[in-house]
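Trainee: following is a predicted model, sequence given first.
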Amino acid sequence: MVERRKRILFVVEAMGGGVFTYIVDLANELVKEFDMYIAYGIRKQTPKDYKQYFDKRISLIQVENFERSINPARDLRAFYEVKNIANKIKPDIIHLHSSKAGVIGRVAFNGYKVDRKEVPLFYTPHGYSFLMKNHSALKRTAYRLIESACGKLNCTTISCSAGEHQESLKLNKRAVYINNGINVEKLVQTLGKIKIGNHPFTVFTLGRICYQKNPVMFNQIAEAIPDVRFLWIGDGELREELKSKNIEITGWADRKTALTKAMSADVFLLTSLWEGLPVSLLEAMYMKKPCVVSDVIGNHDVIENGRNGLVCGDVQKFIEAIRSIQREMSGQSFENEFESTSIYLKAIVRGKTEKLIERAFEDIMKKYNTKVMAMVYNEIYTCGCWGGGGFFSFGVVSNVDSLLLNLNSFTHTVYERMVA
């Protein structure tokens, strides 16, 4: 008798941007081993043809009442909607993605059982709301209190980066992290069809032009280097902040167009005020673009200053980093470089841009790709479903420290197996 495949239910409110890419890549890998169901909400950033991105074996179920902002009436309807979806599917695993789904789902599925067996529940925040600086201090405090209360429920938090994990531990000791990753195989197929022509030295970023991505600082950097071309691949509500004449805004573009623009640029710039673990950064690392990023969670978890990229704390450091990379890539001498450039930055960049690029590429192949990410999740879900020495093998775990020790040891073992 053939044993039925285990069922995994993803509940996703933030179906756009990097979260959308993450869900697509992870679900398309996991469907090879599990029956996958995704209960999701629609956002403005959700691609119009989003269903085409998913493997045909994945069941997509729209949650009509999901919305980003707090709306008690709709949130209550969404609560019952996701509960009804789960009751029909009878999943073996439930994984919540993004803050809104995390709150609604942890309340809805706390102690949730199928056939009298408690269903393991996981939550990935993809960037905590209380870290988002576009909210008032009062709102951020409220979001933190909500996360803290939900953290006491029977759910394991899986963060996308080490920095996010440290925030998770302040809320819930039942927490681990699995590095976000990109689908290298799919990226290779797309990039292989792209032809790169001659172009001026170009600094680019990719994503929504919103407060989080800090377009004001991006504009300040561009204004300070008027002879360099800057490119923002994307669009958004704050596009008017990009006033410098040397900035080009592409508007929303399809996947191939966006990657073509990125491949025809030279330096990836990320000025974000906060991040989870940005997919755009990982893709730039794979495309072998030197990466210059802000010093925030998510960015500095991936980029180690001077080893695989540059981390900058202010506008002047960004300017110095871009100028130094430009000079090295163009073969210019560093002699008589403008006096504001720090000796420290020169020491990092001079003769090392190629090494930064190669180390970043190696990190993608070893740690930040979908194959590695999916294998770790596969093992965790497998243990969560039915034992086999895993961390849910013995029913409800009362010793959280023991649980985390086993799980952290387990995930590191999987990573080592993948990169060996």
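Mentor: Everything's here; your move.
Trainee: so where's the chain uncertain?
Mentor: Where the chain drops to pLDDT under 70, the residues are 1-2, 332-351, 383-420.
Trainee: what ranges do the strands span in the stretch 251-400 of the chain?
Mentor: For the stretch 251-400 of the chain, the strands defined by DSSP state E, counting those that start in this stretch cover 267-270, 291-294, 310-312.
Trainee: how about residues contacting the shortest one?
Mentor: When contacts are taken as CB atoms under 8 Å, 6 or more residues apart in numbering, the neighbours of strand 310-312 outside the stretch itself are 290-295, 299-300, 303-305, 318, 321, 325, 345, 348-349, 356. For the C-beta atoms, the positions are set from N, CA and C on the backbone; glycine is no exception.
Trainee: just the buried subset of those residues, please.
Mentor: For the contacts of strand 310-312, a burial check counting by 16 or more other CB atoms under 10 Å picks out 290-294, 299-300, 303, 305, 318, 321, 325, 345, 348-349, 356.
Trainee: OK, contacts around Leu131?
Mentor: Residues counted as contacts of Leu131 (CB under 8 Å, 6+ apart) are 140, 167, 274, 297.
Trainee: how about a cut-off of 6 Å?
Mentor: Trp274 (CB atoms under 6 Å, 6 or more residues apart in numbering).
Trainee: also Glu167?
Mentor: Contacts for Glu167 were tallied using CB under 6 Å, 6+ apart; they are Tyr128.
Trainee: how close does it get to Arg144?
Mentor: 9 Å (CB to CB, to the nearest Å).
Trainee: next, the buried residues of stretch 326-333.
Mentor: Quick answer for stretch 326-333 (16+ other CB under 10 Å): 326-328.
Trainee: could you do stretch 39-49 as well?
Mentor: Going by neighbour count (16+ other CB under 10 Å), the buried part of stretch 39-49 is 39-41, 43, 45.
Trainee: likewise stretch 55-75?
Mentor: Using 16+ other CB under 10 Å as the test for burial, stretch 55-75 gives 58-59, 61, 63, 65-67, 75.
Trainee: again with stretch 360-375
Mentor: Counting neighbours by 16+ other CB under 10 Å, one finds that the buried residues in stretch 360-375 are 360-361, 363-364, 367-370, 372-375.
Trainee: excluding its backbone neighbours, what's nearest Ser280?
Mentor: Distance criterion CB to CB, 6 or more residues apart in numbering; nearest residue to Ser280, sequence neighbours excluded, is Leu206 at 4.4 Å.
Trainee: how much space separates Val82 from Lys117?
Mentor: Val82 is 19 Å from Lys117, by CB to CB.
Trainee: of those two, who's got more company?
Mentor: Neighbours per residue, other CB atoms under 10 Å: of Val82 and Lys117, the larger number sits with Val82, 25 against 11.
Trainee: can you confirm the more buried one is in a helix?
Mentor: Yes - remark: Val82 belongs to a helix, assigned using DSSP: H, G, I helix; E, B strand; the rest coil.
Trainee: tell me which residues touch it, please.
Mentor: Residues counted as contacts of Val82 (CB under 6 Å, 6+ apart) are 11, 39, 108.
Trainee: which of those fall within helices?
Mentor: Among the contacts of Val82, DSSP state H puts Ala108 in helices.
Trainee: before we move on, back to that, now the strands of the stretch 251-400 of the chain as CSV including distance to Asn71?
Mentor: Below are these laid out as CSV (distance: least, CB to CB, whole Å):
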stretch, distance to Asn71
strand 267-270, 32
strand 291-294, 32
strand 310-312, 38
